[in-house]
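[1] Structure for the following, please:
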Amino acid sequence: MANGLSDILKGKFLVSEGAFTNWAFIVFCALLAIIMIASSHSAERKVYQVAELNQQLKELRSEFVDTRKTVMQQKMESNVAKKMKQRSIGLSDKPPYKILVKSK
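    All right, here's what the predicted structure looks like:
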């Protein structure tokens, strides 16, 4: 056992007869390791992108709510009346009436 362990530590399994299968296995393991590392980097990049997009979504929702609130306040009849009063346009004293057209 000590002899086999010393052969592995010295690297004799890489230069002996039949070493091609050992090299092929080592290259295969290295290729799998590279693929695994690339995959994990890609997954982390996507997680960061998702987090950034969620933050942007929250900001845009907040901006939308603020804008909608502002528009609702500007559409109120009292605010419209104030703005029209500045232009010398007031509210009508007479209520609206319906025009009926009779067809023959």
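
[2] Determine the longest helix present in this structure.
    Counting by DSSP state H, the longest helix found in the chain is helix 19-75.

[3] Quick one: mean pLDDT over that helix.
    Summarised as a single mean, pLDDT over helix 19-75 is 94.

[4] Report all helices and strands that the helix or strand just after that helix contacts.
    Later in the chain than helix 19-75, the nearest helix or strand by DSSP states H and E is helix 77-86. Other helices and strands packing on helix 77-86, by 3 or more CB pairs under 8 Å, 6 or more residues apart in numbering; DSSP states H and E, are absent; none qualifies. Just so you know, the C-beta spots here come from the backbone N, C-alpha and C atoms, and that holds for glycine as well.

[5] Now find how far off-centre helix 77-86 is within its chain.
    42 Å (CA atoms, centre = their mean, to the nearest Å).

[6] and what of stretch 60-76?
    24 Å.
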